[in-house]
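Peer 1: take a look and give me a structure for this.
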Amino acid sequence: MSSHQQHNFVWLDLVRGISAVAVCASHLRAAMFVDYAQASATGFWSTLFYALTGLGHQAVMVFFVLSGFFVGGSILRNSKAFRPGDYALARLSRLWVVLVPALAFTAIVDAVIRHVAPEVLTGEYWPIWNSGPYSASTYSASMATLGGNLLFLQTIETPVFGTNGPLWSLANEFWYYVLFPLCVVALGVVVPRGASRPWHRLAAGAVALLILAWLPPQMAAAFPIWLLGLVVYATAGKVKPILLKALLILSGLALFVATLLYSKSGHLHGLWGFPPDLAVGLGFCLLCIGLTQLRPPARGDALWVRASQGLSAFSYSLYLVHFPLVALIGAVFYGKRSMQLDAASLTQFSLWLLLLLGAGVLFYWLFERHTGALRNAMSRVVRPVRDAA
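Peer 2: Residues are numbered from 1 along each chain as shown. Sure thing, here's the model as predicted:
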């Protein structure tokens with residue numbers, strides 16, 4: 001995406017960055033504080049803190065919609081020049097540039113945890129954290145699991161690697177990246193070079209169906225959430241009346257907040273039976289449609305614009321490296337002695353959160369910002385093979 005297009009969607013950059021911080025804050029809060037039901041202070045500010053730091057899973061649904069918008073939209077935008085090989089290189093370089101060092105980092109942190117708090121690896125903290133190892137039998141840092149995570153087979157054929165529970169969503173993303181181009185080729189929306197015959201479309205459709213049948217039900221069921229990003233792409237910037245834009249944003253914000261509340265209510269899930277993840281995806285989709293109607297900021301160098309783009313830039317790195325550190329912090333400094341929320345504990349939370357953000361920034365500067373260089377290097381390796389074929 002060009003810098004001009006990135007500038008146009010600075011509002012989405014802000015949402016993506018905030019969502020990554022929300023996931024991080026959610027895991028950190030679980031490792032440090034008692035649940036809201038056990039909280040001694042349940043006033044407005046305490047309730048607000050628990051509400052804002054309890055939306056980690058919902059933030060992942062936001063990521064799915066944004067991914068569908070940016071990645072799926074790029075396929076449709078370049079449909080006449082779509083090259084599967086170039087697309088694969090772009091996606092793999094983008095994923096691997098952080099994933100490979102993040103897996104190595106996870107192994108190092110897990111080695112420390114194994115020495116200072118081995119009970120983490122046997123699942124003793126799962127009831128408190130709701131993430132990380134579930135039991136000794138489900139924890140795996142073997143070479144087979146490492147290879148499976150590098151090939152995005154976690155939660156399908158292998159566990160997630162080590163303590164890095166959030167890696168589950170990366171497998172979702174990868175297979176959605178594979179499924180969508182197969183679907184649009186099967187439908188004739190995209191015709192790759194050298195694949196214009198009817199049997200190419202049939203083959204693409206057959207492979208897509210086989211992948212959907214192979215994926216775990218919960219992963220296949222979340223694919224429509226990713227596809228909601230295409231609804232956003234189809235409507236981006238096409239609403240002209242100012243009042244209609246305002247109505248879209250206000251109604252989208254109201255629906256998104258309502259679906260967040262719905263997603264946290266087990267009673268309503270049982271009463272209405274509508275999938276909460278899909279509800280959050282639909283709510284954010286409408287909000288996202290409204291946000292893409294906004295004009296880009298007049299000044300691209302405005303502080304909040306640069307902050308939004310900067311926060312978005314390292315969001316992937318933050319997502320991949322934060323949880324092993326949270327597990328280490330939680331086990332070593334707090335154990336099962338969860339704290340009540342007060343000024344002192346909130347200060348500790350803020351300082352730890354800054355440390356985690358710093359780790360995300362460091363990984364961005366060391367690895368993620370070199371995505372283009374990795375893609376070019378991979379292309380130089382692959383090009384001779386492709387040309388020979």
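Peer 1: from memory residue 361 sits against residue 316, does it?
Peer 2: No - counting by CB atoms under 8 Å, residue 361 stays clear of residue 316, with 12.0 Å between them. Any C-beta I mention is one placed from the backbone N, CA and C, and that applies to glycine too.
Peer 1: what about the closest residue in space to residue 135 that isn't next to it in sequence, neighbour count?
Peer 2: In this structure, residue 135 finds its nearest non-sequential neighbour in residue 123, 3.9 Å apart by CB to CB, 6 or more residues apart in numbering. Neighbourhood size, residue 123 [other CB atoms under 10 Å]: 16.
Peer 1: check what pLDDT residue 123 gets.
Peer 2: pLDDT recorded at residue 123 is 90.
Peer 1: tell me which of residue 361 and residue 316 has more neighbours.
Peer 2: Set residue 361 next to residue 316 and count neighbours by other CB under 10 Å: residue 316 wins out with 25 against 17.
Peer 1: what's the helix or strand for the nearest residue to that one once chain neighbours are set aside?
Peer 2: Distance criterion CB to CB, 6+ apart; nearest residue to residue 316, sequence neighbours excluded, is residue 98 at 5.7 Å. Taking DSSP states H and E as the criterion, residue 98 maps to helix 84-116.
Peer 1: pull out the buried positions in that helix.
Peer 2: Neighbour-count burial for helix 84-116, counted by 16 or more other CB atoms under 10 Å, picks out 84, 87, 89-99, 101-103, 105-107, 109-110, 113.
Peer 1: from the chain's centre, how far out does it sit?
Peer 2: Taking the mean of its C-alpha atoms, helix 84-116 sits 14 Å from the chain's own mean (CA atoms, centre = their mean, to the nearest Å).
Peer 1: now that helix: average pLDDT?
Peer 2: Mean predicted lDDT for helix 84-116 stands at 96.
Peer 1: one more: stretch 244-260?
Peer 2: Per-residue pLDDT over stretch 244-260 has a mean of 94.
Peer 1: by contact count, what packs against the helix holding residue 98?
Peer 2: Helices and strands touching helix 84-116, by 3 or more CB pairs under 8 Å, 6 or more residues apart in numbering; DSSP states H and E, are helix 143-150, helix 168-186, helix 315-329, helix 343-366, helix 371-388.
Peer 1: okay if I get those helices as TSV plus mean pLDDT and distance to residue 135?
Peer 2: Rendered in TSV, the data for the helices and strands packed on helix 84-116 read as follows (pLDDT from 0 to 100; distance: least, CB to CB, whole Å):
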stretch	mean pLDDT	distance to residue 135
helix 143-150	98	15
helix 168-186	97	16
helix 315-329	97	15
helix 343-366	97	26
helix 371-388	81	36
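Peer 1: re the thing from before, what's the spacing between the residue nearest to residue 316 and residue 360?
Peer 2: To residue 360, residue 98 is 10 Å away according to CB to CB, to the nearest Å.
Peer 1: again with residue 246
Peer 2: Distance, residue 246 to residue 360, by CB to CB: 34 Å.
Peer 1: more crowded one of the two?
Peer 2: Ranked by neighbour count (other CB under 10 Å), residue 246 and residue 360 place residue 360 first, with 27 against 12.
Peer 1: what's the spacing between the residue nearest to the more buried one when sequence neighbours are not counted and residue 16?
Peer 2: Leaving aside its chain neighbours, residue 360 sits nearest to residue 318 (3.0 Å; criterion: CB to CB, 6+ apart). Using CB to CB, one gets 11 Å for the distance from residue 318 to residue 16.
Peer 1: residue 48 is nearest to which of the helices and strands packed on helix 84-116?
Peer 2: With CB to CB as the criterion, residue 48 lies closest to helix 343-366 of the helices and strands packed on helix 84-116, at 11.8 Å.
Peer 1: how about stretch 376-386: buried residues?
Peer 2: Residues residue 378 are the ones in stretch 376-386 that count as buried (16+ other CB under 10 Å).
Peer 1: in a helix, residue 140, correct?
Peer 2: No - with DSSP: H, G, I helix; E, B strand; the rest coil as the criterion, residue 140 is located in coil rather than a helix.
Peer 1: give the contact list for it.
Peer 2: Residue 140 is in contact with 158, 159, 161, 162, counting by CB atoms under 8 Å, 6 or more residues apart in numbering.
Peer 1: buried among those? Make that a ChimeraX selection.
Peer 2: Here is the ChimeraX command that selects the buried residues among those (16+ other CB under 10 Å):
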select :158,159,161,162
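Peer 1: sorry, back to before: tally of neighbours for the residue nearest to residue 360?
Peer 2: Here the number of neighbours of residue 318 (other CB under 10 Å) works out to 24.
Peer 1: same question, residue 198
Peer 2: Residue 198 has 8 neighbours, counted by other CB under 10 Å.
Peer 1: look up phi and psi at it.
Peer 2: Taking degrees, to the nearest 10, you get phi -60, psi -40 for the backbone angles of residue 198.
Peer 1: try residue 190
Peer 2: phi -120, psi 130.
Peer 1: give the burial count for it, as a bare number.
Peer 2: Residue 190: 23 neighbours (other CB under 10 Å).
Peer 1: list the contacts for it?
Peer 2: Counted by CB under 8 Å, 6+ apart, residue 190 has contacts 75, 76, 79, 82, 181, 184.
Peer 1: which of the residues you listed tops the neighbour count?
Peer 2: Busiest of these [other CB under 10 Å] is residue 181, holding 23 neighbours.
Peer 1: check contacts around that one.
Peer 2: Residues near residue 181 by CB under 8 Å, 6+ apart: 75, 82, 84, 87, 190.
Peer 1: which of the residues you listed lies closest to residue 261?
Peer 2: Closest to residue 261 out of the contacts of residue 181 is residue 75 (33.9 Å), distances taken as CB to CB.
Peer 1: so how far is the helix or strand containing that closest one from its chain's centroid?
Peer 2: Applying DSSP H and E as the criterion places residue 75 in helix 73-77. How far helix 73-77 lies from its chain's middle: 20 Å, per CA atoms, centre = their mean.
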